[in-house]
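Participant: Only the shape, not the letters, is given here:
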């Protein structure tokens, strides 16, 4: 009897999954040459943002992706020429961040309506990964072309700590935290791909995995 019930549940789940469909979004019409969207972030099932890399554009949706509005574009005065957007992350419906590969880091406090540069010393040349955790903590990392570093803020991006990670990696591309203290960072070192772990909010890091593939 249990096997029959389990089969019915699996069959119903598969049937529901098979009915899902994907379709291109027509509301992102100013993406002229179909350039890559490097990141998408949803705060809940309706509210989200998408980052177009090459065109340095941020789009916002309030209806689960049905429609999108442009909030930030490459023509914005404070953006350097040829800015490339790598990621977008929000702490709440108002405070959010955009990391770029172009030496500029942006913050909004009004849900993406306006954006301003963030000052970090030393200034990261590229922020490849961002992760907001808790109510006021956000981590970032970079760069895929080196050097390896971690940035951290515990006051919603008002002040930042820069951590040199050259002792652990030559490059970092992604960071993910379960809570304010426990997290992972991934990138590469001279032996291949590397995964690092911290349990104290980034004060110390341990290498937990290294691949044997050079350049991975």
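Facilitator: Ah, there it is. All figures in this text were calculated on a predicted structure; none of them were measured in a lab.
Participant: Would you map the helices across this protein?
Facilitator: For the chain, the helices defined by DSSP state H occupy 2-18.
Participant: Where does pLDDT dip in it?
Facilitator: Counting by pLDDT under 70, the chain shows low-confidence ranges at 1-19, 26-30, 75, 77-78.
Participant: wait, doesn't residue 130 sit right on residue 96?
Facilitator: No: Residue 130 is beyond contact range of residue 96, at 9.6 Å (criterion: Cβ atoms under 8 Å). All C-beta atoms are positioned from the backbone trio N, CA, C, and that covers glycine.
Participant: With neighbour numbers in mind, choose between these two.
Facilitator: residue 96 (28 against 25; other Cβ atoms under 10 Å).
Participant: Please enumerate the shared neighbours of residue 130 and residue 96.
Facilitator: 88-89 (Cβ atoms under 8 Å, 6 or more residues apart in numbering).
Participant: Now do the contacts for residue 143.
Facilitator: Residue 143 is in contact with 101, 124-128, 149, 171-172, counting by Cβ under 8 Å, 6+ apart.
Participant: Where strands are concerned, which of those count?
Facilitator: 149, 171-172 (DSSP state E).
Participant: Looking at the residues you listed, which is nearest residue 213?
Facilitator: Closest to residue 213 out of the ones in strands among the contacts of residue 143 is residue 171 (14.1 Å), distances taken as Cβ to Cβ.
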